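K.L.:
coordinates only, sequence not included:
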């Protein structure tokens, strides 16, 4: 069983920065692909960024590439999403997700992920 708890959301102005964090429980963290998804108001949940089990491969949605950075700290069972140059369209609930197994590739489809956190709200004011 894996439990994921997000933190670090909040209100920020356009152009600002924010870092959201995800704390994972369980002994299998180092073998998991970790990802961030987001769900804007009235829209479906979408892939934002992912990092494979070794940290050697990352993937980003086109809309955030160059502005967001995903990272992981296996010693602390943490995954982070650093968000810079935020835009109002980045407003959403941000979810952490985990996929078990030593996959080299990062999956972007929601159904590929086995565990989800409760989400943290990020609001970007214009």
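P.N.:
Structure's in. What do you need? Just so it is clear, the structure is predicted and the values come from calculations on it, not from any experiment. Numbering: from 1, shown residues only.
K.L.:
For residue 40, which non-adjacent residue is closest in space?
P.N.:
Of all residues not flanking residue 40 in the chain, residue 92 sits nearest, at 4.3 Å (C-beta to C-beta, 6 or more residues apart in numbering). Using the backbone N, CA and C atoms, a C-beta is placed for each residue, glycine as well.
K.L.:
ditto for residue 8
P.N.:
What sits nearest to residue 8 in space, not counting adjacent residues and going by C-beta to C-beta, 6+ apart, is residue 20, at 4.1 Å.
K.L.:
The one helix or strand that neighbour maps to: what's the following helix or strand?
P.N.:
Here residue 20, judged by DSSP states H and E, is contained in strand 18-24. Per DSSP H and E, strand 18-24 leads on to strand 33-39 as the next helix or strand towards the C-terminus.
K.L.:
Please compute how far that next one lies from its chain's middle.
P.N.:
In this view, strand 33-39 has its centroid 4 Å away from the chain centroid, taken as C-alpha atoms, centre = their mean, to the nearest Å.
K.L.:
Contacts only, for residue 33.
P.N.:
Residues near residue 33 by C-beta atoms under 8 Å, 6 or more residues apart in numbering: 50-53, 98-99, 101, 103, 106-107.
K.L.:
Using JSON lines, lay out those residues together with neighbour count and secondary structure.
P.N.:
Putting those into JSON lines (neighbours: other C-beta atoms under 10 Å; DSSP: H, G, I helix; E, B strand; the rest coil) gives the following:
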{"residue": "50", "neighbour count": "26", "secondary structure": "strand"}
{"residue": "51", "neighbour count": "23", "secondary structure": "strand"}
{"residue": "52", "neighbour count": "21", "secondary structure": "coil"}
{"residue": "53", "neighbour count": "22", "secondary structure": "coil"}
{"residue": "98", "neighbour count": "23", "secondary structure": "strand"}
{"residue": "99", "neighbour count": "20", "secondary structure": "strand"}
{"residue": "101", "neighbour count": "11", "secondary structure": "coil"}
{"residue": "103", "neighbour count": "17", "secondary structure": "coil"}
{"residue": "106", "neighbour count": "21", "secondary structure": "coil"}
{"residue": "107", "neighbour count": "17", "secondary structure": "coil"}
